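Visitor: Here's a sequence, model it:
(chains A and B)
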Number of protein chains: 2
Amino acid sequence: MDQVRIGIVGLGNMGSGHARYLSKGEVEGAVLTAVCDGDRQLLERVAGECGEGVAAFDDASAFLSSGLIDGVLICTPHYSHPPLAIEAFRNGLHVLIEKPAGVYTKQVREMNEAAAATDKIFGIMYNQRTNPMYRKLRELIRQGELGEIRRLNWIITDWYRPQHYYNSGGWRATWAKEGGGVLMNQAPHQLDLWQWIAGMMPTRIRAFCSFGKRRDIEVENEVTAYAEYANGATAVFITSTCETPGTNRLEVTGDRGKAVVEEGRLRFWQLDVSEPEFNRTAKESFAAPGKREIPIELEPGDGEQHIGITRDWVRAILTGSPLLAPGEEGIRGLTLANAMLLSTWTDGWAELPLDEDLFYRLLQEKIQASGAVRA
Amino acid sequence: MDQVRIGIVGLGNMGSGHARYLSKGEVEGAVLTAVCDGDRQLLERVAGECGEGVAAFDDASAFLSSGLIDGVLICTPHYSHPPLAIEAFRNGLHVLIEKPAGVYTKQVREMNEAAAATDKIFGIMYNQRTNPMYRKLRELIRQGELGEIRRLNWIITDWYRPQHYYNSGGWRATWAKEGGGVLMNQAPHQLDLWQWIAGMMPTRIRAFCSFGKRRDIEVENEVTAYAEYANGATAVFITSTCETPGTNRLEVTGDRGKAVVEEGRLRFWQLDVSEPEFNRTAKESFAAPGKREIPIELEPGDGEQHIGITRDWVRAILTGSPLLAPGEEGIRGLTLANAMLLSTWTDGWAELPLDEDLFYRLLQEKIQASGAVRA
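Guide: Numbering: from 1, shown residues only, chains lettered A, B, ... in the order given. Predicted structure coming up:
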């Protein structure tokens, strides 16, 4: 194969964005050949913008089995990512899903199993993994420059959304259609980066979600979560869509140094000796290890973002190169999100591995008890 | 009275520090006339350094009833602050206590009641209230410049202490003698500033303390606490003595702006319109209120610190001026500290007003179950 024929299902904000750069030929080795959406008006408009040679489907099964595509970008509402991906794998297609991987991990696990049973390339649109700052921070940690991780702290409260946003789409911010709020729509990027950068998952989480805080919605729009790890590390993750001016600040402390990402900058301090070594030998009560700030050089900008993930996925299909964002990893950030809701709903700890059945059952209860879904 | 005769009880690090500047005449209107400590060697050394005319006592009751002093600085171990203060009030003395006010609020409440029954001036050594940054931030909030407070976040992890520190004094980091760890010794300043700056106390706290983390001690040396307020605001407070390089960053978000204190700087951003007003009228999904950073001018330095609090107390005694740090307010930070321990011990919420009897009972259990107190 020297060119991947790509289809897109779901032509909302994200799907039509992907259609735009693909139809302009901005992804080497890829050609957009089909689009699909149940909304015929939207379908015709986007297909028209894509130019000739792009087939239009209003039925996902017909689209996936059309033989017109080698790979599919799935940009539909959250609940449908896993079933569509599974159907795509059955049709022998490569798959790139939008985030989140799904709404509950039980469903996403099935998708991962279907992916594992094929030789197709399975990616997820974690575009923020292309950001040079986060890649560099992850590299520093993997190279041991910070030592063993002891504390993580992410304040990501700059996802501001006014009520008008929630009123703009009937599926938004409902348990039945979107399956959650800030943890499902805005913060999945940071939930993924959190575990991707640290290279570890918590053993348990205690979280405090507010539902419909200062907004007329039923789902969570403000979250504070505390997490504990097997090595004794702890973490705090705070997110909100009703706060402004927001903050986006990630701090990681290890036993050899500390890094902070804030205001587009990555700062890094390293200790002269590791903290445990210093502690073993210190002979003064108020002494601390010497430290110095080490300047970090980064390529400017935020990286290739969405198009970068699509290019990476196409490259993997064509050359077998490893993915920056493998689809199977989508379950990790989703597990963190599910754990935060579960902890709030049960007013107690959410242990990992997560009690997936309990989460699923409580989610169904929320859907049943839901206020009328917006038209 | 045109000169206040001052005595100091407890001549450890803090007490001997106060003796030094007082005996040099650095507090206008005050003269050091007596010192007291049960350790005769220490007593003689400090009294000797203070020069002639300073009486030395090894018995606190004799010292308090000596008639040689008008006011007393109480710098003894934590548990003894309330009983000594109460005895001082009974002797008609003005009182300035070191922080913390005590170890448990039940005891501190009795001290406050004794203070309320006198006309004497009762202060507490919250020297960080003299810091221009924190004073300015409090002023901005009181003037409404940030609007209604919605979120507070304090990462105060730069209280690094090696094991050598804990081994340096037998009373340190024991339930029986010190009554706690970082919440009792290092972080009381920030616990006080937290409530003093915000001007409000939480309604409930869920906290996660680690006891003897990476140190051979029995008390808490790492804490993450989550707090909720009556107006819907939330807060996170993180402190540690086993982390380095540490962080000291306070963020306060209101519905009209945000302020951050970090690295000796106070930054302030204000919205063009308040968030609720913007939200009511917004007609775009991804819009947010305009904001601008407003430069804050501060007098340089950290303020007068300890000597500033002593001067303020002496001034209040001589002129009746209001105290920067009234002793009665010590119970607030202590309530936060007690609530954090109580929440951890019960693995559940600590509601405020605090269940003081339960806290006292569980503290006694810790003392009983304690490993041998260091010699």
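
Visitor: domains of chain A?
Guide: Residue ranges for the domains of chain A, per automatic domain parsing: A:4-127+A:305-326, A:129-302+A:333-374.

Visitor: closest to B:E49 out of those domains?
Guide: Closest approach to B:E49 among the domains of chain A is made by domain A:129-302+A:333-374 (21.1 Å; CB to CB). Placement of C-beta: from N, CA and C, glycine included.

Visitor: Chain B contacts on the stretch 251-375 of chain A?
Guide: Residues of the stretch 251-375 of chain A lying near chain B by CB under 8 Å from any CB of the partner chain: A:251, A:253, A:257-258, A:260, A:269, A:271, A:275-276, A:278-280, A:282-289, A:291.

Visitor: Got a quick PyMOL command for the buried subset of those residues?
Guide: Filtering those down to the buried ones (16 or more other CB atoms under 10 Å in any protein chain shown) takes a single PyMOL command:
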select buried, chain A and resi 251+253+257+258+260+269+271+275+278+279+282+285+288+289+291
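
Visitor: circling back to that earlier point, now distance to B:L32 and mean pLDDT too, for the domains of chain A, in CSV please.
Guide: Putting the domains of chain A into CSV (distance: least, CB to CB, whole Å; pLDDT from 0 to 100) gives the following:
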stretch, distance to B:L32, mean pLDDT
domain A:4-127+A:305-326, 65, 97
domain A:129-302+A:333-374, 26, 96
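
Visitor: Distance to B:R40 for the ones you listed - can I get that in a markdown table?
Guide: What follows is the domains of chain A, written out as a markdown table (distance: least, CB to CB, whole Å):
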| stretch | distance to B:R40 |
| --- | --- |
| domain A:4-127+A:305-326 | 67 |
| domain A:129-302+A:333-374 | 24 |
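
Visitor: Nearest to B:A198 among the ones you listed would be which one?
Guide: When the domains of chain A are ranked by distance to B:A198, counting by CB to CB, first place goes to domain A:129-302+A:333-374 at 15.9 Å.

Visitor: In the longest helix along chain A, which residues are buried?
Guide: For chain A, the helix that runs over the most residues, judged by DSSP state H, is helix A:330-346. Buried residues in helix A:330-346, counted by 16+ other CB under 10 Å: A:330-345.

Visitor: mind listing what the helix or strand just after that helix pairs with, with the direction of each?
Guide: Using DSSP states H and E, the next helix or strand after helix A:330-346 towards the C-terminus is strand A:350-351. Sheet pairing for strand A:350-351, assigned by DSSP bridges, gives strand A:204-211 (antiparallel).

Visitor: Could you list the buried residues of the strand it pairs with?
Guide: Of the residues in strand A:204-211, those with enough neighbours to count as buried (16+ other CB under 10 Å) are A:205-211.

Visitor: Extract the C-alpha set from it and format it as CSV.
Guide: Taking Å, rounded to 0.1, in the frame of the first residue of the first chain, the C-alpha atoms of strand A:204-211 are listed here in CSV:
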residue,chain,number,x,y,z
ARG,A,204,-6.8,4.5,44.2
ILE,A,205,-8.6,7.8,43.7
ARG,A,206,-10.8,10.0,45.9
ALA,A,207,-12.6,12.6,43.9
PHE,A,208,-15.0,15.4,44.4
CYS,A,209,-17.1,16.3,41.4
SER,A,210,-19.7,19.1,41.2
PHE,A,211,-22.6,18.5,38.9
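
Visitor: if you look at the following helix or strand past it, does any of it touch chain B?
Guide: If you walk from strand A:204-211 toward the C-terminus, the next helix or strand you reach (DSSP H and E) is strand A:220-228. Yes - if you take CB under 8 Å from any CB as the test, strand A:220-228 does meet chain B, through A:222, A:224, A:226, A:228.

Visitor: residues in contact with the first one?
Guide: A:E222 sits next to A:182, A:209-210, A:213, A:239-243, B:234 when contact means CB atoms under 8 Å, 6 or more residues apart in numbering or on different chains.

Visitor: Repeat that for A:L266.
Guide: A:133, A:136-137, A:259-260, A:296, A:298.

Visitor: and if you look at A:M111?
Guide: Remark: with contacts taken as CB under 8 Å, 6+ apart, A:M111 is in contact with A:81-82, A:85-86, A:101-102, A:327.

Visitor: how does it look with 10 Å?
Guide: Taking CB atoms under 10 Å, 6 or more residues apart in numbering or on different chains, we find A:M111 in contact with A:81-86, A:88-89, A:95, A:97, A:101-102, A:122, A:327-328, A:330-331.

Visitor: Same check on A:G333?
Guide: With contacts defined as CB under 10 Å, 6+ apart, the neighbours of A:G333 are A:99-101, A:124, A:126, A:183, A:187-196, A:201.

Visitor: before we move on, what about A:D58?
Guide: Residues near A:D58 by CB under 10 Å, 6+ apart: A:36-40, A:42-44.

Visitor: cutoff 6 Å now
Guide: With contact taken as CB atoms under 6 Å, 6 or more residues apart in numbering or on different chains, A:D58 is in contact with A:38, A:40, A:43.

Visitor: How many residues are close by A:D158?
Guide: Counted with other CB atoms under 10 Å in any protein chain shown, the neighbours of A:D158 add up to 17.

Visitor: my guess is it meets A:P245, correct?
Guide: No - contact status for A:D158 versus A:P245: not in contact, 7.5 Å apart, counting by CB atoms under 6 Å.

Visitor: Skip the chain neighbours and tell me the closest residue to A:K213.
Guide: Excluding the flanking residues, the one nearest A:K213 by CB to CB, 6 or more residues apart in numbering or on different chains is A:E222, at 4.9 Å.

Visitor: Tell me the spacing between the one you found and A:T241.
Guide: In this view, A:E222 and A:T241 are 7 Å apart by CB to CB, to the nearest Å.

Visitor: One more: A:A233?
Guide: From A:A233 to A:T241 the distance is 28 Å (CB to CB).

Visitor: Also A:L96?
Guide: According to CB to CB, A:L96 stands 26 Å off from A:T241.

Visitor: So which bits of stretch A:2-19 are buried?
Guide: Applying a neighbour-count criterion of 16+ other CB under 10 Å, the buried positions in stretch A:2-19 are A:4-12, A:14-16, A:18-19.

Visitor: would TSV of those residues with distance to B:E365 be doable?
Guide: Putting the buried residues of stretch A:2-19 into TSV (distance: CB to CB, whole Å) gives the following:
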residue	distance to B:E365
A:V4	66
A:R5	70
A:I6	65
A:G7	65
A:I8	63
A:V9	61
A:G10	58
A:L11	63
A:G12	58
A:M14	56
A:G15	60
A:S16	63
A:H18	61
A:A19	65
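
Visitor: which ones among those are found in helices?
Guide: Secondary structure defined by DSSP H assigns A:14-16, A:18-19 of the buried residues of stretch A:2-19 to helices.

Visitor: Of the residues you listed, which is the nearest to A:N167?
Guide: Nearest to A:N167, judged by CB to CB, of these is A:M14 at 19.7 Å.

Visitor: hang on, isn't that closest one packed against A:C75?
Guide: Yes - the pair A:M14 / A:C75 is scored as a contact, 4.6 Å apart, by CB under 6 Å.

Visitor: Please list which of the buried residues of stretch A:2-19 also come close to chain B.
Guide: Intersecting those with the contacts of chain B gives an empty set (criterion: CB under 6 Å from any CB of the partner chain).

Visitor: Let me know the closest of those residues to B:W313.
Guide: When the buried residues of stretch A:2-19 are compared for distance to B:W313 (CB to CB), A:M14 wins out at 62.5 Å.

Visitor: got the contact list for that closest one?
Guide: Applying CB under 6 Å, 6+ apart, one finds that A:M14 lies in contact with A:75, A:98.
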